[in-house]
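Visitor: all I have is the shape, not the residue letters:
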DNA sequence: TGACAGGTGAGAATGGTTCGCATTTACATG
DNA sequence: CATGTAAATGCGAACCATTCTCACCTGTCA
């Protein structure tokens, strides 16, 4: 059990959640993921290392982890939600509409502007996310 | 048949779509809407003035109108998609997490920034939308 | 270690959205 | 203005991501 594992176990406990094999499996999948897998992909990958995990538990675990603030749910149009370990720095997502590739884009400056805008309306941001659908520019 | 009606009929034709009573009904509902109704609400309202429209057609019509660029689909998490007439000026949406109210927020400046950011990555924006979930600040 | 609240697996249920197909309609053409 | 035809519609069934139910396990705390 390495440092990261302990860290996540502690985070689970801090959130009042029991530390189970399934939850650790799902977390490790997302930790190692270089992409943004959806529930089905998390399930498939988790099954390889755990075997016992069920689809229902993957969903329940993802919901619990999101609630605990350990992971983040990305909602796209017309496709199942994707998940990622809660990023240290805020970023938005750009989808290449030709390849389906999801690219993270930094947005510190934009987020600051957005926060000012919202504050002017008398609100404070609880959560924000931008989805950009874009196409690769032809090299000119 | 007033000016707006003709305008939409022309827009439908320009998009290669036939002008049907159902499509005009759905469009008129969205034109008059001060809120952002979902498919079910559009159906209910359209049924009042048309009677014959079916739920399936509402969905097909909303998809066709979106495709034609006449309306815009707003995807929120854990709730059915909402729709609005394609706005003249770009704006994003803020959801009051306590009341569920949807507030339009102007974002010209932010969109410009975002466009630069994306251009730097070699992409051009096809579509973009930001969803902010916020809570009313206590008056201090 | 024992009790038990909370977690899990399997499959059924749910709910928004889409599809299939027989029927109807818009509209180009004569 | 009548007509053929491709497109649109209504209805209900199908779809698919997600959630629920319930009987059975398992962390956790004493």
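Guide: Cool, got the structure. Computed from a predicted model, the values in this text were never measured in an experiment.
Visitor: tell me the buried residues in stretch A:80-88?
Guide: Neighbour-count burial for stretch A:80-88 flags A:81-85 (criterion: 16 or more other C-beta atoms under 10 Å in any protein chain shown). C-beta here means a position set from N, CA and C on the backbone, and glycine is covered the same way.
Visitor: repeat that for stretch A:23-31.
Guide: For stretch A:23-31, using 16+ other C-beta under 10 Å, the buried residues are A:23-30.
Visitor: adding distance to residue A:57 and secondary structure, write these out as JSON lines.
Guide: Below are these laid out as JSON lines (distance: C-beta to C-beta, whole Å; DSSP: H, G, I helix; E, B strand; the rest coil):
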{"residue": "A:23", "distance to residue A:57": "9", "secondary structure": "helix"}
{"residue": "A:24", "distance to residue A:57": "12", "secondary structure": "helix"}
{"residue": "A:25", "distance to residue A:57": "9", "secondary structure": "helix"}
{"residue": "A:26", "distance to residue A:57": "8", "secondary structure": "helix"}
{"residue": "A:27", "distance to residue A:57": "13", "secondary structure": "helix"}
{"residue": "A:28", "distance to residue A:57": "15", "secondary structure": "helix"}
{"residue": "A:29", "distance to residue A:57": "13", "secondary structure": "helix"}
{"residue": "A:30", "distance to residue A:57": "15", "secondary structure": "helix"}
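Visitor: let me know the closest of those to residue A:139.
Guide: The nearest member of the buried residues of stretch A:23-31 to residue A:139, counting by C-beta to C-beta, is residue A:30 at 34.9 Å.
Visitor: can you tell me the closest non-neighbouring residue to that closest one?
Guide: Distance criterion C-beta to C-beta, 6 or more residues apart in numbering or on different chains; nearest residue to residue A:30, sequence neighbours excluded, is residue A:85 at 5.1 Å.
Visitor: do stretch A:36-53 and chain B meet at all?
Guide: No: counting by C-beta under 8 Å from any C-beta of the partner chain, chain B is not contacted by stretch A:36-53; separation bottoms out at 13.9 Å.
Visitor: neighbouring contacts of that stretch?
Guide: With contacts defined as C-beta atoms under 8 Å, 6 or more residues apart in numbering or on different chains, stretch A:36-53 is touched by A:21-22, A:25-26, A:28-30, A:33, A:55, A:58-59, A:62, A:74, A:79-84, A:93, A:102.
Visitor: just those residues that are near DNA strand D?
Guide: Intersecting those with the surroundings of DNA strand D, defined as C-beta under 7 Å from any atom of the strand, gives A:21, A:55, A:59, A:79-81.
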